[in-house]
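Chemist: need a 3D model of the following:
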Amino acid sequence: MSSPAPRFPVSFVRLAWSNLAAQSAEQVALAAAPLVAVLALGAGAAETGLLQTALTLPFLLLAIPAGVLADRLSRRGLMVAAEALRALALLAILALILGGHVTWPLLAALGFLAACGTVVYSVAAPALVPALVPADRLAPANARLELARTLAFTAGPALGGVLVGWTGAGAAFAVAAGLSLAATGLLAGLHEPARAARPRRHVLQEIAEGARFVAGHALLRPVLITQFVFNTAYFVIMAVFVPFAVRHLAMTASGVGLVLALYGAGMVAGALLAPAVMRRLAFGTVVAIGPVTGLAASLVMAATIWVPTPVLAGLGFFLLGLGPILWVISTTTLRQAVTPPGLLGRVSSFSVLAQGSRPLGAALGAAVAAMSGAEACLLLAVVGFLLQALVILASPAVRLARQPEMATATT
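Modeler: Purely as a prediction, here's the structure:
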């Protein structure tokens, strides 16, 4: 009989719980904001696309500066400050809703501030993990964090949609703010091991160093390109899905929330299957599963143009969660393994920067929807998902038999 896996250190457990709370806060707010815009403020596809742009623009603007800070300062301290900022922004939205003063521009502006907190958290957390767990527990730790994130993606959209549909927008943002405050408290009690001091250089030198490492690495470069295209295509869909679902699929607010929750359900299924999948398949095969499944999901979503049923929309979101969660676990572990410790923050920031393609996708979706309708956006997304699948399938990353050895050099 095999012995049970050793428990994770207390500090990592606090990080995992804070991750669950923070991700849940983000998902509840992301589900509630477009519903408020459509149902309370009368926004259309173009306006919701611009709202999604505001909610995701910080990934493009702040990821790289956050990576420099994560390599210079306490990563725990950065995460505490970031989560506190998100909580304050969500509380401000709640106050505006309760006072009857919420407007589309204020919703977008405060959502932008909340997303700034998300960016810093997303950069610092992967860089912090190797300091909290032994090297041989790195992959299981990443899987644990992703499982927490999948639970948030499952419950968050459904909870946000149900709260808006049953009790109004105020309750949704109150829950999101409470979860964000809980994440702040958990992070505040986390112990981060001291890091060796390193010489300060000009910020542009440090950014360039991280960029050279990622761009010159045969494994990380195609992963980054695939991430960028995947997120662009995904947010072309997300920019228009709520008004498309309400008007073309005749769905209610609660129904939209439940369909969006199937994305999280797919992620849960993928995360639970991940240990068995990674034991049975080559490491590179696991890397390829996500992009290929994303392409299949986009084809299912496009089919709702001709077969307007929530069932196909739900299946599309489920597939978008099922395969890509294996991508996240495998590529996060790959990135942490091949990156020198002193570069982890900056290399992590380039991964988060790839999520900066989200506002580009949302803006593209808004523009295409305004000119040609939401249906054209779904077809455009298929083209994007095909491109990202071709990029990763042509890369050496999919030919890896096993996880690379951990990098030990410092910088």
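Chemist: any stretches of the protein with poor pLDDT?
Modeler: 1-6, 39-47, 167-168, 197, 356, 409-411 (pLDDT under 70).
Chemist: find the nearest non-adjacent residue to the spatially most central residue of the chain, please.
Modeler: For the chain, residue 355 is the residue whose C-alpha lies nearest the centre (Cα atoms, centre = their mean; 7.3 Å). Distance criterion Cβ to Cβ, 6 or more residues apart in numbering; nearest residue to residue 355, sequence neighbours excluded, is residue 59 at 4.2 Å. Every C-beta, even on glycine, is put in place using the N, C-alpha and C of the backbone.
Chemist: does that neighbour touch residue 120 like I think?
Modeler: No. Contact criterion Cβ atoms under 8 Å: residue 59 and residue 120 do not qualify, at 10.8 Å.
Chemist: ok, back up a step: so what's the residue nearest to the centre of the chain up against?
Modeler: Neighbour list for residue 355: 56, 59, 63, 122, 227, 231 [criterion: Cβ atoms under 8 Å, 6 or more residues apart in numbering].
Chemist: closest one of those residues to residue 328?
Modeler: The closest of the contacts of residue 355 to residue 328 turns out to be residue 227 (Cβ to Cβ; 9.5 Å).
Chemist: what about the closest residue to the closest one other than its chain neighbours, how many residues nearby?
Modeler: Of all residues not flanking residue 227 in the chain, residue 354 sits nearest, at 3.7 Å (Cβ to Cβ, 6+ apart). By the criterion of other Cβ atoms under 10 Å, residue 354 has 22 neighbours.
Chemist: over to the one 5 residues further on?
Modeler: When counting by other Cβ under 10 Å, one arrives at 27 neighbours for residue 359.
Chemist: then residue 106?
Modeler: When counting by other Cβ under 10 Å, one arrives at 13 neighbours for residue 106.
Chemist: I'd like the distance between it and residue 113.
Modeler: Note on residue 106: its distance to residue 113, by Cβ to Cβ, to the nearest Å, is 11 Å.
Chemist: how about the contacts made by residue 404?
Modeler: Residue 404 neighbours (Cβ under 8 Å, 6+ apart): 219, 334, 337, 338.
Chemist: so can I have CSV of the contacts of residue 355 showing secondary structure, distance to residue 283 and neighbour count?
Modeler: What follows is those, written out as CSV (DSSP: H, G, I helix; E, B strand; the rest coil; distance: Cβ to Cβ, whole Å; neighbours: other Cβ atoms under 10 Å):
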residue, secondary structure, distance to residue 283, neighbour count
56, helix, 30, 28
59, helix, 27, 25
63, helix, 26, 23
122, helix, 24, 25
227, helix, 17, 26
231, helix, 23, 23
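Chemist: between the residues you listed, which is nearest residue 138?
Modeler: Nearest to residue 138 out of these is residue 122 (Cβ to Cβ; 17.9 Å).
Chemist: am I right that that closest one is in contact with residue 350?
Modeler: No. At 11.9 Å, residue 122 does not count as touching residue 350 under the criterion of Cβ under 8 Å.
Chemist: need the overlap of contacts for these two.
Modeler: residue 63.
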